[in-house]
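Trainee: turn this into a model:
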Amino acid sequence: MNVTRTGVIVRPNNARVLYRPFHPPSPQRATRIIGRIMELCEAGVDGVFADVLAEFHGRHQRLLAFFQERYEAVKHHLLTDRPLSETRRLVIGSYFTQEYALESAALFNPSIVWHPDQTAVPRGSRRFIMSLRAIGEGHVSSVGFRSGTVDAQGTIEIAPPTGYATAPRVVASSRYDKGLFLRKLIELGIADGFVDTVFGALDDHFTLGELELLLERASRQQRARRKEWDPFAAAVIALARANYEIECDPASDISERVIFPYSPAETNGIEDARFVCFREDDGSARFCATFTAFDGNVVLPQFVETDDFIRFRVSTLNGPEIANKGMALFPRRVNGAYAMLSRQDGENIYIMESDLLHFWYAKRLVIRPTYPWEYVQVGNCGSPIETERGWLVLTHGVGPMRKYSIGAVLLDLGDPTRVIGRLPVPLLTPNENERAGYVPNVVYSCGAVIHEGLLVIPYSMSDYATSFATVRLDEVLAAMTPA
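Mentor: Residues are numbered from 1 along each chain as shown. As a prediction, this is how the structure comes out:
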């Protein structure tokens, strides 16, 4: 196989920063900070504000609006109701805001899908969107994006990112489906005697604010059962916050958009988004991805959907087979059911099928480590790609010295639990220029595409930066050993 490394490299840039809330370690600390600001005279407040603007305003968009939001979030720490000047409010907000270099450590584990906007693209070329795992301070991961084009010869050009990055806003008006929410509570073992008390008073669709208000009212009625009530209420809120919508500025460049950790399950980051364009039987399409949420202790597979890469719907995946990392959705239903690759045991590749996109109950073993370069474990490198010959699945295999290589298997189109071809040798292994990084000796991908007969593979280099390789699809298929 004539695999071509393109030489295109996307590296992390520690100058790309976004603003995010700063939370002091205690309420008392927050009160003291505000108290010190209140000691300033108006001239002193004006001086602080001028310094903040001079140093930070040019680095961000809509910064003053965020300062106002932060003031609204902390104003309950004020000791009086004395009206404050707008400048003092904004200065208070600035003290509860911080910059964060979202990709200061690494930018890797890419997946790629075709851009929904193909206007003004030269004949023979296609525009793509690439998701990337960005790691910043504290080893916190987020998902960033880049766009680019690939032509018929496999030449790749990446659009340069702008100088801005902005975390999206959480859509407060997002509504929950009560029936689905209750089903998730049952899956988590949370449904108990309190459910009717709370959810009986909610409409069939409700907002987070409505749920929080009802829980607050019910809490006053459950004083005698506080030990039982408090864990229940906390679990309900945690589930609600793990299912949310976020929205980016529609006028922003794709490189400015970030999916940043929001829910309690994501406090230590969100990892390895595997995006795919999913088409329903009626021809409608949307972009879906699985990613891994991590709170420092528990790994939780999550699901995200978007029509336009502006508004994203994030939700939990549920069922006994939702475990471990590396789940990847098929790009369409198979035999009328949703299908997904998985690796619950951390070692083998399974296939799951379900009538419900967010609930998964059974799995079937499909691929086990077979060759020396994958004896430690195998997993997928993104969603299956449909070809005339079968479902092409890029895999990663781990061999001696924890060296990662990329391979490929071919699954039957009608029965993807049947392996019909497999590469006996890796498609891509780390070369000398790719071995050094955050985690050495690794090449890894979260999703590839086919263009003009070329398999286009974005891949990470030792968990630090990202590059691209191309290879003729027919060469890959010809090199496979029949199963």
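Trainee: what's around residue 303, how many residues?
Mentor: By the measure other C-beta atoms under 10 Å, the count of residues near residue 303 is 21. C-beta coordinates here come from the backbone N, C-alpha and C atoms, glycine included.
Trainee: SS state for it?
Mentor: Put simply, residue 303 is strand when judged by DSSP: H, G, I helix; E, B strand; the rest coil.
Trainee: then residue 196?
Mentor: Of the three states, residue 196 takes helix according to three-state DSSP.
Trainee: and it, what does it touch?
Mentor: When contacts are counted by C-beta atoms under 8 Å, 6 or more residues apart in numbering, residue 196 touches no other residue.
Trainee: doesn't residue 149 make contact with residue 121?
Mentor: Yes: counting by C-beta atoms under 8 Å, residue 121 does reach residue 149; the two are 6.4 Å apart.
Trainee: ok, these two, which is more surrounded?
Mentor: Each of residue 121 and residue 149 has its neighbours counted (other C-beta under 10 Å); residue 149 has more, 18 against 13.
Trainee: thought the more buried one was touching residue 125?
Mentor: Yes: with contact defined as C-beta under 8 Å, residue 149 counts as touching residue 125 (5.0 Å).
Trainee: any common contacting residues for residue 121 and residue 149?
Mentor: residue 127.
Trainee: what is the least confident helix or strand in the protein?
Mentor: When each helix and strand of the chain is scored by mean pLDDT, DSSP states H and E, helix 195-199 comes last, with a mean of 83.
Trainee: following that helix, which helix or strand comes up?
Mentor: Downstream of helix 195-199, the next assigned helix or strand under DSSP states H and E is strand 205-207.
Trainee: that next one pairs with which strands?
Mentor: Using DSSP bridges, the strands paired with strand 205-207 are strand 175-177 (antiparallel).
Trainee: give the buried residues for the partner strand.
Mentor: For strand 175-177, the neighbour count (16 or more other C-beta atoms under 10 Å) marks residue 176 as buried.
Trainee: for the helix or strand just after it, which outside residues touch it?
Mentor: Sequence-wise, the next helix or strand downstream of strand 175-177 (DSSP H and E) is helix 178-187. For helix 178-187, the surrounding residues in contact (C-beta under 8 Å, 6+ apart) are 191, 195, 199, 202-206, 235-236, 239-240, 243, 316, 318-319, 358-359.
Trainee: filter those residues down to the buried ones.
Mentor: Burial by neighbour count, 16+ other C-beta under 10 Å: within those this picks out 191, 199, 202, 206, 236, 239-240, 243, 316, 318-319, 358-359.
Trainee: where along the protein do the helices fall?
Mentor: Along the chain, the segments classed as helices by DSSP state H run 27-38, 42-56, 63-74, 86-95, 178-187, 195-199, 208-221, 226-241, 473-478.
Trainee: looking at the ones you listed, which is nearest to residue 443?
Mentor: Between residue 443 and the helices of the chain, the shortest separation by C-beta to C-beta is 15.7 Å, and it involves helix 473-478.
Trainee: name the helices or strands packed onto that closest one?
Mentor: strand 391-398, strand 454-461 (3 or more C-beta pairs under 8 Å, 6 or more residues apart in numbering; DSSP states H and E).
Trainee: my guess is residue 333 contacts residue 280. True?
Mentor: Yes: assessed by C-beta under 8 Å, residue 333 is found in contact with residue 280 at 7.5 Å.
Trainee: more neighbours: which of the two?
Mentor: In this view residue 333 and residue 280 are compared by other C-beta under 10 Å, and residue 333 has more residues nearby, 16 against 10.
Trainee: contacts only, for the more buried one.
Mentor: Counting by C-beta under 8 Å, 6+ apart, residue 333 has contacts 280, 281, 339.
Trainee: got a list of what the residue nearest to the last one when sequence neighbours are not counted touches?
Mentor: Taking C-beta to C-beta, 6 or more residues apart in numbering as the measure, residue 339 lies nearest to residue 330, with 4.2 Å between them; neighbours along the chain are not counted. If you count contacts by C-beta under 8 Å, 6+ apart, residue 330 has them with 276, 338, 339, 340, 341, 383, 384, 391, 416.
Trainee: repeat for residue 419
Mentor: 366, 367, 409, 410, 411, 412, 483.
Trainee: what about 6 Å?
Mentor: Residues in contact with residue 419 (C-beta atoms under 6 Å, 6 or more residues apart in numbering) are 409, 483.
Trainee: pretty sure residue 382 sits against residue 447.
Mentor: Yes: counting by C-beta atoms under 6 Å, residue 447 is a contact partner of residue 382 at 3.0 Å.
Trainee: overlap in contacts, those two.
Mentor: Common neighbours of residue 382 and residue 447 (criterion: C-beta under 6 Å, 6+ apart): 111, 274.
Trainee: show me which of the two is the more surrounded one.
Mentor: Each of residue 382 and residue 447 has its neighbours counted (other C-beta under 10 Å); residue 382 has more, 29 against 26.
Trainee: re earlier: what pLDDT does the model give the residue nearest to residue 339?
Mentor: Among the per-residue scores, residue 330 shows a pLDDT of 98.
Trainee: centre of the chain to the least confident helix or strand of the chain, how far?
Mentor: Mean-position distance between helix 195-199 and its chain equals 32 Å (C-alpha atoms, centre = their mean, to the nearest Å).
Trainee: again, but for stretch 255-262
Mentor: Computed by C-alpha atoms, centre = their mean, the chain-centroid distance of stretch 255-262 equals 8 Å.
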